[in-house]
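[1] I would like to see how this sequence folds:
(chains A and B)
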Amino acid sequence: MDELLRMEGITKVYPNGIVANKNVDFSVRAGEIHGLVGENGAGKSTLMKILFGLNQAEEGRITLEGKEIRVDSPYAAIGHGIGMVHQHFMLVPSLTAAENLVMGLEPRKGLYLDLQAAIRTTEELGKKYNLIVDPRAAVRDLSVGIKQRLEILKALHRGAKILILDEPTAVLTPQETEELFSQLKLLREQGNTIVFISHKLNEIKELCDRVTIMRSGTVQGTFDVASVDEKDISRLMVGRDVILEVQKGPARPAGAVLKVRGLTVLDRFKKRAVDGVSFSVRRGEILGVAGVEGNGQGELVEAITGLGSFSSGTIAVDGESVAGMSIRRIRDAGVCHVPEDRMTYGCAAALGVEANLMSCNHDSPEYTGPVFLKGKAIRANSRRLVEEYAIKCSSPEQEVGMLSGGNIQKVVVAREFSSGPSLIVADQPTRGIDVGATEFIRSRLVELRDEGAAVLLVSADLNEVMELSDSLIVMYGGRIRAYVPDAKAVSEEELGLYMLGLKNQTPEEIARVVHD
Amino acid sequence: MNQVFSLIFAPEFGYSVLRVTTPIMFATLGALISDKAGVMNIALEGIMLISALTGVVFSALTGSSGVGLLAAVLAGGLAGLFLAYCALKLKTDIILSGIALNLMASGGTVFALFLIAGDKGISSSLASKVLPKLTIPGISSIPVLGTMLSGHNVLTYVAFLMVAATFVFLYRTPLGLRIRAVGENPNAAASVGIGVTKIQYLALTLSGMMAGFGGAYMSMGYVSWFSKNMTAGRGFIAMAAEAMGGATPLGSMLTSLLFGFFDALSNTLQLMKIPSEFVNMLPYAATVIGLVLYTVQKTRKERLARESAGAAPAVTGATAGKKE
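    Purely as a prediction, here's the structure:
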């Protein structure tokens, strides 16, 4: 296959001094699906933004079919046949799919917009590439998968021959992912070239022809996917063998910290989102909650942490009922919470790392005097935590929102874990973050467990709940369907049956999770 | 009370509603166009004042109401452009710039009036012209309807035509599509090569021109002179009308008529023995009540929509845009 596109010696330094790309060489062959992998912050998005004209490189050149091109705007990129599907869709929700497709290239009939032509174009393109989208539907009514499909169509409609997909599967269900993959393979057959950014190695293996691996702004190598295995790739990504399995000793559970008895939570429709659930989490153990998302896990966490209310049953932390307690008091009782949605509940994105690290202690005498904040103590605390949790930031004052996902989560985790908790509620603690940060957070959880904390781990990542938990409960339809005292002793297949409600343990078996 | 009803149900009252609705409707359309492009034109009030004065001065200078109208609309467009320049080019806060423009217009028009006519309150010394009234043949002879609909100032008819024109412009032309796209998701618009700033410049200029029509009507139709602060909050009422109208042309027209109704009511009630201070308050009180009702209804609708959409899907890529 011929080389289609080449980026040579690309160097990009952001105004804040972070070198995102260091002398990067990257090349793509015509008609291939090329994987681009790396941890969050490795520079892959920066590289692709440069290719798409969203960022300008300080040094380096881009050649397309042997001719040097200048890409100083997305518009110029599209002119060269380079299209990009962003993680955040570039769609206008209230406009129809057809209107979104033709936006900027509107077909005209005299002075007017030719809506019929737009609809025809959407249908024809959709058929051609097997990317069917209802042209008349408003984009806000479309599912995420369809929106993504529309984004791909948009790029193709603008004549894209090289399609950059930025972590397209992060927002998709497994079924949607499968569908996307078959569509991408079809696009490849039709002669299109695709750059596929991901950090899911199994996806790279399944979909891509070649893969380029990036680490801290440099390229570690480009390989035929067939000739490398997942372990090789992950070693190059993080520069050492990632322990995909969590290393931990056996748990030594002691007395129960959290006791949940007959808990029922009603949702907005007065439906039982959590339906008479009883369990305990003991000191020194990690209790995993497995289950397909939306089976009551979210409501359960909200009830325990005080973010939501519950209608009947009891929740007690160290023997004290949390019913009617404010979140503040629940936290003071020793509960810490790593929320699922870290940008909404986990941090204040516009504030600095330092402010975020002390945000749950703003009224503690340690950091606050009678009138003023104690700058020195706050600074010492943040410096210690930044170091201890290896948070990559230019300074403790840097805005949290400017950090990579993994580092944002480290800020959240550093604050929560440093409060000396007796119960840790970790809801999807490693979702969407890079391998290094994931590993770090998981091993911290194990350490805290060994120091005697009780951990309630909710995760949709089956691998994570199975590896990290000591024991497991499975939730389906708001109820506990199974209790596995030893998480190592259960197979993925069996868990799957419980998770999909195809199999239930007897009430007696489930009741074993209640420790009194 | 009976007296009130007999006044309201008189055909003359209907005529009066349309008469006072006209400036509000122009300004509401101005608010609509800028809102659709995602830029808030809070300076409608001031722009109307500037245009009202410009219309009077130019019609007096040239002896032509048409030239006066043209000048008023151009002045409105220029004021909108100036606001755009401040907010988009010089990056000032658009709300603060809008407030500044309003205050400047409030004092500046009086100052300009004094320079030109030597008067600080009213332009009666200028021989300004009034735009013609139209008698619509056919309709004018229908009993009740004729009294209500015929014989209005030409700009009243223009205002209603503008509602339709704005609808066609926003929803049926490529430019309108771009304006809506820019207002709702500027990143999406920019990603397909639409010049976001350019569109917003254009929208603010058009918005200013709409307010210009409204201003011209105030001083060359509603009355035949310019007087200090004669717009009396209509630019702000228009913003309320636009929001309550759900940011659609038809809705904006209906809410403009609603506010016009209260405006007309206060004019009519002044004929009776009700304290004029209370009566003068009516249109503004209606604005506040209207906005509250609108917000309540909107909040409820949003909650219903959220509930019917079911549990919100997990936000997985929440941090995605920020990385690297």
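[2] so where is chain A shaky, pLDDT-wise?
    Counting by pLDDT under 70, chain A shows low-confidence ranges at A:1, A:15-18, A:40-41, A:238-245, A:268-269.
[3] Tell me which residue of chain A is furthest from the middle?
    No residue in chain A sits farther from the centre than A:Gly110, which is 46.9 Å out by Cα atoms, centre = their mean.
[4] Any chance you could list what contacts stretch B:267-280?
    Applying Cβ atoms under 8 Å, 6 or more residues apart in numbering or on different chains, the external contacts of stretch B:267-280 come out as B:Gln3, B:Val4, B:Leu7, B:Ile8, B:Phe13, B:Ser16, B:Val20, B:Ser266, B:Leu282. All C-beta spots, glycine's among them, are computed from the backbone N, C-alpha and C.
[5] will you turn the residues you listed into JSON lines that also has distance to B:Met244?
    Below are these laid out as JSON lines (distance: Cβ to Cβ, whole Å):
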{"residue": "B:Gln3", "distance to B:Met244": "30"}
{"residue": "B:Val4", "distance to B:Met244": "25"}
{"residue": "B:Leu7", "distance to B:Met244": "26"}
{"residue": "B:Ile8", "distance to B:Met244": "22"}
{"residue": "B:Phe13", "distance to B:Met244": "22"}
{"residue": "B:Ser16", "distance to B:Met244": "22"}
{"residue": "B:Val20", "distance to B:Met244": "17"}
{"residue": "B:Ser266", "distance to B:Met244": "19"}
{"residue": "B:Leu282", "distance to B:Met244": "17"}
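[6] Relative to chain A, which of those residues is nearest.
    If you rank the contacts of stretch B:267-280 by distance to chain A using Cβ to the nearest Cβ, B:Val20 comes first, at 32.4 Å.
[7] rewinding a little: would you list the phi and psi of the residue farthest from the centre of chain A?
    phi 60, psi -130 (degrees, to the nearest 10).
[8] quick revisit: neighbour-wise, which one of the contacts of stretch B:267-280 leads?
    Tallying neighbours with other Cβ atoms under 10 Å in any protein chain shown puts B:Val20 at the head of those, with 25 neighbours.
[9] what about that one, which SS state?
    helix (DSSP: H, G, I helix; E, B strand; the rest coil).
[10] Please apply the same query to the one 10 residues further on.
    Secondary structure, three-state DSSP: B:Gly30 is helix.
[11] How about it, nearest residue that isn't a chain neighbour?
    Closest residue in space to B:Gly30, ignoring its immediate chain neighbours: B:Met210 at 3.4 Å, by Cβ to Cβ, 6 or more residues apart in numbering or on different chains.
[12] hey, where'd the helices end up in the stretch 401-516 of chain A?
    Listed in chain order, the helices of the stretch 401-516 of chain A (DSSP state H, counting those that start in this stretch) span residues A:405-417, A:435-450, A:462-468, A:492-499, A:507-511.
[13] which outside residues touch the third one?
    Spelled out, it's helix A:462-468. A:245-246, A:248, A:286, A:288-290, A:430, A:442, A:445-446, A:457, A:459, A:472, A:487, A:490, A:492, A:495.
[14] run the last query once more with 6 Å
    A:Glu245, A:Val246, A:Gly288, A:Ala290, A:Arg442, A:Ser459, A:Ala487 (Cβ atoms under 6 Å, 6 or more residues apart in numbering or on different chains).
[15] Tell me if I'm right that B:Ile136 and B:Ser150 touch.
    Yes. Contact criterion Cβ atoms under 6 Å: B:Ile136 and B:Ser150 qualify, at 4.6 Å.
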